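Chemist: Build the 3D model from these lines:
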Amino acid sequence: MDLTGKLLIAMPGMGDPRFDHSVVYLCSHGDDGAMGLIVNKPSDLRIKTLLEQLNIACRIPVVGERLVHFGGPVELSRGFVLHSADYDANLHSLHVAGDFSMTATLDVLEDIASGKGPLNSMLMLGYSGWGPGQLEDEIAANGWLTTDATSKLVFDVADDEKWEAALATLGVDPLTLSASAGRA
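Modeler: Residues are numbered from 1 along each chain as shown. Here you go, the predicted structure:
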């Protein structure tokens, strides 16, 4: 089953602290493995600071004050922008699914800083990656739940509320979750 465009919701007993209470948007999933971006783990780094380091002028103060997110533990110096599909960075954007696209080129940052970027966006450093069969094994071991991604959940819900909001889309109350999996 292809989970591209879905959200992964970390279960309490996952065991990897980097993914504790995380919600991951899956940008790709297939026989080669999977790649996703954590959408609810902001860093302490402001976008304006990152833009300054890249010599990009930020003309939109509210954009500069937003936080860069931790996208995952792989290639922490590499940037990704998860954004609404209304924007295509000179044909460098990857349309993922529905209203979601991803761009990993500087032109999207330049456009966001000048007010010509996508309607909705999140900037991440690093990504989450799984080898062939690894994610499927983690799901089978009760490490993740999956749900549909919506623009509202990803871009509008506060970061500290996304995990519970994602669980709510499945009708799951976080208080009922157990850190251990049962086997019948």
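Chemist: Check which helices and strands the worst-scoring helix or strand of the chain on mean pLDDT is in contact with.
Modeler: Sorted by mean pLDDT, DSSP states H and E, the helices and strands of the chain end with helix 61-65, the least confident at a mean of 87. Based on contacts counted as 3 or more C-beta pairs under 8 Å, 6 or more residues apart in numbering; DSSP states H and E, the elements that helix 61-65 packs against are helix 47-53, helix 106-114. Placement of C-beta: from N, CA and C, glycine included.
Chemist: right, so of those, which gets closest to Ile9?
Modeler: Smallest distance to Ile9 across the helices and strands packed on helix 61-65 (C-beta to C-beta): 26.0 Å, for helix 47-53.
Chemist: Next up, the contacts around Gly15.
Modeler: By C-beta atoms under 8 Å, 6 or more residues apart in numbering, the residues touching Gly15 are Gly143.
Chemist: i'd like the first residue to be 43 from this point on
Modeler: Renumbered: residue one is now 43, and that last one reads Gly57.
Chemist: Next one: it relative to Gly106, how far apart?
Modeler: Taking C-beta to C-beta, to the nearest Å as the measure, Gly57 falls 37 Å from Gly106.
Chemist: burial count for Lys48?
Modeler: Neighbourhood size, Lys48 [other C-beta atoms under 10 Å]: 18.
Chemist: does it really touch Leu187, like I thought?
Modeler: No: counting by C-beta atoms under 8 Å, Lys48 does not reach Leu187; the two are 10.1 Å apart.
Chemist: which stretches of this protein have low pLDDT?
Modeler: Scanning the chain for pLDDT under 70 picks out the ranges 131-133, 220-226.
Chemist: now with 80?
Modeler: Within the chain, the segments meeting pLDDT under 80 span 55-57, 131-134, 215-226.
Chemist: Please tell me how far whichever strand or helix holds Ser143 is from the chain's geometric centre.
Modeler: Assigned by DSSP states H and E, Ser143 belongs to strand 142-145. For strand 142-145, the distance between its averaged C-alpha position and the chain's averaged C-alpha position is 10 Å (C-alpha atoms, centre = their mean, to the nearest Å).
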